[in-house]
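Participant: Predicted model and sequence follow; I will ask about them next.
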Amino acid sequence: MIIAEGDKEVGIFETIYKDRTNIAIFDYLDGKSISARGIDKLIDALISARSTAKAMGASECYVVSTAVLRHVDNIEEVAEKIRIRTGMVINHLDGKTEAYCDLVSNSKYAAYDKAVLIDIGGGSVELCDLKKAEKSEMVCLEFGPIKLRNKYVSDIYPTEDEAKSIRKFLRKKSDEAGLPGKGKFRTVVLVGSINDAVCAVYREYCEKKKIGTEFTYDKYKKFVDMLIESPDRTRLIMKVAPEKIHVLPVAAVILKELLKRFKPEEVVISDCGVKEGYLELVATGRENGAFIDLTAPIPTYEPTEPPKKKKTAVKEKKKENK
């Protein structure tokens, strides 16, 4: 969650508070549905976030969902249970809107020469040419590390053959989406918590190897090779980003393939993403969103116990005979 203050009329905001709760929803998927326990975890996190927003004096509060929830079968059940138990209505973002939010929050990077934004989320990959301005021009690949891991990887880490299959799939989808190749972009801007985690583990790897932490493709390629082959990979991830261990290895392979495609001269890391962009869009009226009245009380909820089973006549007779 983020809390920001600013001027609605001009759409300029300053983030004054950030917090992140790791739910690891991947662990609560029952097939393509979120389990009852997973829904409870979501609700607990939302109630905590709502309480924090209210305590800090926020006047409007919006809840958004992105790619992972776009691909679960029981999204209507999830949304209804959240509404009943928290009073919160979810604003579901489609792929192009999600990418557009990234673009809006990172417009400052448009000053860079030939810049492209990459946001690797759990369920999708968003790409934005920062010279574009319309939502229709955004690119959203409707797959992410979770889907590719389920499809190609038999364990937490992909083998070399599994990584090749992921790269082949990504090249095909990139071609179908019309993504350009070498020479189109000079700068890559990395956005989102997964990219943050990948880069944090990359820097830790570079520090350990004493090779400097600046981002270069040659060093990053060796880093990805380490994630596929080295027995030290788990220790490195658990030290820096343990909550991302299920998605980070595959995300690193995705990023490697995209960097290989674009061949940028520099890579920069942004601290703004979908939430900041969505806040600006709804505040300035460019996006319509349902907000939560923080002055209203949180709905009381008392779980109902399942009805007790009645004893059958046969069981009663056996008891009498005994």
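Facilitator: That came in fine, so what should we check first? Numbers count the residues shown, from 1 in each chain.
Participant: which stretches of the stretch 151-300 of the chain form helices?
Facilitator: With DSSP state H, counting those that start in this stretch, the ranges of helices along the stretch 151-300 of the chain come out as 160-176, 193-209, 217-229, 233-240, 248-262, 274-283.
Participant: Between helix 193-209 and the third one, find me the angle.
Facilitator: Meaning helix 217-229. 100 degrees (axes from the mean of the first three to the mean of the last three CA atoms, to 10 degrees).
Participant: pLDDT of helix 217-229, averaged?
Facilitator: For helix 217-229, mean pLDDT is 96.
Participant: Over to stretch 50-69?
Facilitator: Average pLDDT, stretch 50-69: 89.
Participant: end-to-end on it?
Facilitator: Taking CA to CA, to the nearest Å, stretch 50-69 runs 20 Å from one end to the other.
Participant: With stretch 256-268 instead?
Facilitator: Across stretch 256-268, first to last residue, CA to CA, it's 15 Å.
Participant: contacting residues around it?
Facilitator: 109, 112, 116, 118, 125, 127, 166-167, 170-171, 174, 179-190, 215, 217, 220-221, 224 (CB atoms under 8 Å, 6 or more residues apart in numbering). (Glycine included, C-beta is placed from N, CA and C.)
Participant: Buried by neighbour count, from these: which ones?
Facilitator: Buried members of the contacts of stretch 256-268, counted by 16 or more other CB atoms under 10 Å: 109, 112, 116, 118, 125, 127, 166-167, 170, 174, 179, 185, 187-190, 215, 217, 220, 224.
Participant: List the contacts of the residue nearest to the spatial centre of the chain.
Facilitator: In the chain, the C-alpha nearest the mean C-alpha coordinate belongs to residue 121, at 4.0 Å (CA atoms, centre = their mean). By CB under 8 Å, 6+ apart, the contact list for residue 121 reads 66, 67, 68, 98, 144, 192, 194.
Participant: and which of the residues you listed is nearest residue 297?
Facilitator: Minimum distance to residue 297 across these is 28.3 Å, recorded for residue 66 (CB to CB).
Participant: looking at it, the closest one is touching residue 97, isn't it?
Facilitator: No. Applying CB atoms under 8 Å as the test, residue 66 and residue 97 come out as separate, 9.3 Å apart.
Participant: more crowded one of these two?
Facilitator: residue 66 (25 against 22; other CB atoms under 10 Å).
Participant: partner residues bridging residue 12?
Facilitator: residue 7 (DSSP bridges).
Participant: Would you mind measuring from it to residue 138?
Facilitator: 23 Å (CB to CB, to the nearest Å).
Participant: more crowded one of those two?
Facilitator: residue 138 (21 against 12).
Participant: quick one: contacts for the more buried one?
Facilitator: Contact partners of residue 138, counting by CB under 8 Å, 6+ apart, are 95, 96, 99, 100, 103, 126, 127, 128, 132.
Participant: so what's it closest to, chain neighbours aside?
Facilitator: residue 99 (3.6 Å; CB to CB, 6 or more residues apart in numbering).
Participant: now residue 14: how far from residue 279?
Facilitator: According to CB to CB, residue 14 stands 11 Å off from residue 279.
Participant: Quick check: which ranges of the stretch 1-150 of the chain have low pLDDT?
Facilitator: Applying pLDDT under 70 to the stretch 1-150 of the chain flags no residue at all.
Participant: Let me have the contacts of residue 121 in CSV, adding secondary structure and distance to residue 39 as columns.
Facilitator: Shown next, in CSV, are those (DSSP: H, G, I helix; E, B strand; the rest coil; distance: CB to CB, whole Å):
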residue, secondary structure, distance to residue 39
66, coil, 17
67, helix, 18
68, helix, 13
98, helix, 22
144, coil, 21
192, coil, 24
194, helix, 23
